[in-house]
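J.: Model the structure of this input:
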Amino acid sequence: MHIQTAEGHAIHVKDMGAGHPVILIHGWPLTGDMWEYQTLALLEAGYRVITYDRRGFGHSGHPADGYDYNIFADDLAAVIDHVGASKVSLVGFSMGGGEIARYLSRHGSGKVDRAVLISSVVPYLMKDDSNPDGVDESVLDQMQAQVRADRFAFLQSFAKTFYGIGLVSKPVSSALLDWTFALAIMASPKATIDCINAFGRTDFRPDLAAFNIPTLVIHGTSDKTVPIDPTGRAAAAGIAGAELVEYDGEPHGLFATAPDRLNADLLRFLDQR
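T.: So this is what the prediction gives:
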């Protein structure tokens, strides 16, 4: 189904099952379908699972602008309103963690039971004087240039780093790489480029104080896309009471490289309600 944002843009939503609602927020440059392993596990455990495609990605509308986290947070608010529950749990992967952070600071936690940040860009990815462990801005510039030059070649190459090809002991299949490519090319080229600015250059450190709910942070120690020091470890240190679980040797895309472990950790945390 599609729902309408406050601006009248269409957001594609999949709403499955019954029970306590869990909203899964996807990473760049994929769609809500990236959560295949987690969706199945949560449904089988009796949860209601909601996934959606971020504006500019997948089956959602592809507007020319609006690719910043204030608007992304408002889009998430529209999805939460659609769910119609008094409390939801939020799970964000990679840039999806930013939606959670900005939603909480912009809309409050009144409708949120708990939050999970997986391989998340929160609190700040880009390297500067205040964030010496971050990713060099030239890397972000290069990514944008490569997307402009040949988006398809970039996406195929990026997926190998994303899943740690050559780094993890049990690499993903070539078929899963093909599936990842198919999801990624559904995005608007404009959204693909603009979201590099959003997830790479947005400073979420001021948003951390809004995490006044139970929070789980999961991150791979071998994440070359979103390094753990300025993100996962910094988020856990900056969020009061947050639990940090490090996956030794896992890359960025651990939803597919370590799905059984991730599913177990998600269910353990969500079941604490």
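
J.: ranges for the helices of this structure?
T.: Listed in chain order, the helices of the chain (DSSP state H) span 36-44, 69-83, 96-107, 137-162, 174-184, 189-201, 234-238, 254-257, 259-270.

J.: now those as JSON lines including mean pLDDT?
T.: Output for the helices of the chain, formatted as JSON lines (pLDDT from 0 to 100):
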{"stretch": "helix 36-44", "mean pLDDT": "98"}
{"stretch": "helix 69-83", "mean pLDDT": "96"}
{"stretch": "helix 96-107", "mean pLDDT": "98"}
{"stretch": "helix 137-162", "mean pLDDT": "97"}
{"stretch": "helix 174-184", "mean pLDDT": "97"}
{"stretch": "helix 189-201", "mean pLDDT": "98"}
{"stretch": "helix 234-238", "mean pLDDT": "98"}
{"stretch": "helix 254-257", "mean pLDDT": "96"}
{"stretch": "helix 259-270", "mean pLDDT": "98"}
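
J.: Tell me which of those lies nearest to Ile50.
T.: The stretch from the helices of the chain with the least distance to Ile50 (CB to CB) is helix 69-83; that distance is 6.0 Å. To be clear about C-beta, it is placed using only N, CA and C from the backbone, and glycine gets the same treatment.

J.: got CSV for the helices of the chain, with mean neighbour count and distance to Gly19 too?
T.: Formatted as CSV, these follow (neighbours: other CB atoms under 10 Å; distance: least, CB to CB, whole Å):
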stretch, mean neighbour count, distance to Gly19
helix 36-44, 18, 9
helix 69-83, 19, 12
helix 96-107, 25, 21
helix 137-162, 15, 31
helix 174-184, 16, 27
helix 189-201, 19, 31
helix 234-238, 20, 28
helix 254-257, 24, 21
helix 259-270, 17, 10
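
J.: Which one of those helices lies nearest to Thr221?
T.: When these are compared by CB to CB, helix 254-257 sits nearest Thr221, at 10.4 Å.

J.: just checking, what packs against the closest one?
T.: Helix 254-257 sits against helix 36-44, strand 215-220, with contacts defined as 3 or more CB pairs under 8 Å, 6 or more residues apart in numbering; DSSP states H and E.

J.: and for the last one, what are the contacting residues?
T.: Defining contact as CB atoms under 8 Å, 6 or more residues apart in numbering, one finds that strand 215-220 is touched by 114-120, 164, 226, 228, 231-233, 235-236, 239, 241-247, 249-252, 254, 257-258, 262, 265, 269.
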